[in-house]
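Undergrad: Below are the sequence and a predicted model for it; my questions follow.
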Protein chains: 2
Amino acid sequence: MAEARRTIDLLWFPEAGEKRRGRRPGLSVSRVVETGIALADAEGLEAVSMRRVAQELGVVPMTLYTYVPDKATLLELMLDRVYLAMTRVDRPDEPWRDRLAAIAEENRRLYAEHPWAADLPAGRPPLGPGLMAKYEHELTAFAGCGLDDVATDAALTFLLGFVQSSARTAAEARDDAGWWEVNGPALAVVLDEQAYPTAARVGAAAGEAQGAAINPDHAYAFGLDRVLDGLGVLIATQRAD
Amino acid sequence: MAEARRTIDLLWFPEAGEKRRGRRPGLSVSRVVETGIALADAEGLEAVSMRRVAQELGVVPMTLYTYVPDKATLLELMLDRVYLAMTRVDRPDEPWRDRLAAIAEENRRLYAEHPWAADLPAGRPPLGPGLMAKYEHELTAFAGCGLDDVATDAALTFLLGFVQSSARTAAEARDDAGWWEVNGPALAVVLDEQAYPTAARVGAAAGEAQGAAINPDHAYAFGLDRVLDGLGVLIATQRAD
DNA sequence: ACGGAAGTCTGTACGCCGTACATAATACGG
DNA sequence: CCGTATTATGTACGGCGTACAGACTTCCGT
């Protein structure tokens, strides 16, 4: 992960440090990061290799290491950058449920535009300006819900976890389009032997209702309602206190 | 992903086909799969390479391809196998909330014992005996909730998605132990400039309350309560119909 | 004006990865 | 006992991240 301090500096001051001496840089951290994002958007995260990004920039692979300490850091920078670019709308006058739904929708759009972002570890996030702006904005949506700071943070984590999880599932479903058509026949041979009555019935019903084995849009809509209902129960009790 | 049919056969009949002619196999699909699981348990998913699994079995890498068409299929077989090995307890006499909490706990234990399982795509699952047994068992926990088949499937997907998401976060937090101690000082320099008042306050409160920046156990407990509350709202309305 | 320092760029190389392909070794059916 | 089916091996290709050494360019201090 390279030196932590270096990463922090790159996040917050991507063009910092007026270098006095030496050859003028032909690239910049931002250009490298943007190229990585464009590549990931167009061809997926697995297309983002140091060699490929370098090629895209017309430079030899090792040159990137002048701007970025390693690939893991590059990915962090990419993630913070797309966080920073999200459009954020505060909705102080709307009811809490609409505010939280809007937060979810903002994140859903992020993952729609940058599906690779859902595959990056969100656990140790890049604590850059993008994440901070995002976190600050999203916390304000919980204002007036009666939750204390700890509960607010937990609730936001819960909400964001759901959206990311949905996005991952959606991305997988996209990749696997047509899988069921191919495997269905072979499976039928194995399955219809009464061994799994409930599974067969429910699976068939769900598949038929959704027009596919997995319907990410339906899963998202269903899940979001449950998430908001669940948070609503908590909010109701807290407000009653 | 190899031929679909081949994969199905491997899932359901791992030791099939009494071969008459030819050299006796020195290995078996099960041994390969079990070695992969042991390796992933001990050293993580990134340690599971064809070369490494082969070495563990005292064989040259290419030999594995006699038993398994490719690495992706091996991972699917590993996943279905740990699904099959889960201990499943039906609880027909307990209230629905306890039943669903037990399902969540079973999955949580799975990911505790095999953290790598949370990193495998659950979107196009390995439709083997393990997943089927798991699915059948977990569906029965929803009996008597008043949900129709489609809603039951969606509710289960929602519940499992939460547990997997939590497990992933927990695994990341485990890897990043000590990260905050290293980065905290550098971050302080950047953060306390009133730019992010809410974020700074809530982040500090949450971190202090949990003894760490991220507390997976707390996040799981909090989230599970919200998940069950959310499903409870749905169940209440369905039963009222 | 110029030599050295600091910074940027490049080429080569190492050890990994998944796996295609050709070949050798083994064991049974006829 | 030969042919054939099956398993095992060795070699090789194209990818990956990046360590390292050296070349090139620019500015500062003298």
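TA: It's in.
Undergrad: rest of the way, CA atoms for contacts and neighbours
TA: Noted.
Undergrad: Can you tell me how far whatever residue of chain A ends up closest to DNA strand D is from A:Arg31?
TA: Residue nearest to DNA strand D within chain A: A:Ser49 (3.2 Å; CA to the nearest atom of the strand). A:Ser49 sits 15 Å away from A:Arg31, going by CA to CA, to the nearest Å.
Undergrad: now A:Ala206
TA: Distance, A:Ala206 to A:Arg31, using CA to CA: 46 Å.
Undergrad: between these two, who's got more neighbours?
TA: Using other CA atoms under 10 Å in any protein chain shown as the criterion, A:Ala206 and A:Arg31 rank with A:Ala206 on top: 22 against 12.
Undergrad: Can you get me a residue count around the residue nearest to A:Arg201 when sequence neighbours are not counted?
TA: Spatial nearest neighbour of A:Arg201, chain neighbours left out: B:Asp149 (7.8 Å); criterion: CA to CA, 6 or more residues apart in numbering or on different chains. Counted by other CA under 10 Å, the residues lying close to B:Asp149 total 20.
Undergrad: list the contacts for B:Asp149?
TA: Going by CA atoms under 8 Å, 6 or more residues apart in numbering or on different chains, B:Asp149 touches A:201-202, A:205-206.
Undergrad: Go through these and say which is closest to DNA strand C.
TA: Looking across those and measuring by CA to the nearest atom of the strand, the closest to DNA strand C is A:Ala206, at 32.0 Å.
Undergrad: residues in chain A within reach of DNA strand D, list them.
TA: A:20-24, A:47-52, A:61-62, A:70-72 (CA under 7 Å from any atom of the strand).
Undergrad: let's go with 10 Å and repeat that
TA: Proximity of chain A to DNA strand D (CA under 10 Å from any atom of the strand) is limited to residues A:1-2, A:18-26, A:45-55, A:60-66, A:68-74.
Undergrad: which intervals of chain A have sub-threshold pLDDT?
TA: A:1-2, A:17-19, A:122-123, A:192-193, A:240-241 (pLDDT under 70).
Undergrad: closest point of it to chain B, which residue?
TA: When scored by CA to the nearest CA, chain A has A:Gly230 as its residue closest to chain B, at 3.7 Å.
Undergrad: Next, count neighbours for that residue.
TA: Should you count by other CA under 10 Å, A:Gly230 turns out to have 24 residues around it.
Undergrad: Tell me who's in contact with it.
TA: Residues near A:Gly230 by CA under 8 Å, 6+ apart: B:225-231, B:233.
Undergrad: Now it: closest residue in space that isn't a chain neighbour?
TA: Nearest residue to A:Gly230 in three dimensions, chain neighbours excluded: B:Gly230, at 3.7 Å (CA to CA, 6+ apart).
Undergrad: Is the one you found part of a helix or strand, or is it coil?
TA: With DSSP: H, G, I helix; E, B strand; the rest coil as the basis, B:Gly230 sits in helix.
Undergrad: follow-up on the earlier one: so how do I select the buried members of the residues of chain A next to DNA strand D in PyMOL?
TA: Buried members of those, defined by 16 or more other CA atoms under 10 Å in any protein chain shown, are picked up in PyMOL with:
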select buried, chain A and resi 45+48+50+51+52+53+54+64+68+69+71+73+74
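Undergrad: who's in contact with A:Asp90?
TA: Contacts for A:Asp90 (CA under 8 Å, 6+ apart) come out as A:137, A:140-141.
Undergrad: Same list (those residues) but as TSV, adding neighbour count.
TA: Below are the contacts of A:Asp90 laid out as TSV (neighbours: other CA atoms under 10 Å in any protein chain shown):
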residue	neighbour count
A:His137	18
A:Thr140	17
A:Ala141	25
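Undergrad: With distance to B:Leu110 and secondary structure as extra columns, can I get the residues you listed in a markdown table?
TA: Converted to a markdown table, those look like this (distance: CA to CA, whole Å; DSSP: H, G, I helix; E, B strand; the rest coil):
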| residue | distance to B:Leu110 | secondary structure |
| --- | --- | --- |
| A:His137 | 35 | helix |
| A:Thr140 | 36 | helix |
| A:Ala141 | 35 | coil |
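Undergrad: Among those residues, which one lies nearest to A:Gly211?
TA: Lowest distance from A:Gly211 to the contacts of A:Asp90 (CA to CA) belongs to A:Ala141, with 35.1 Å.
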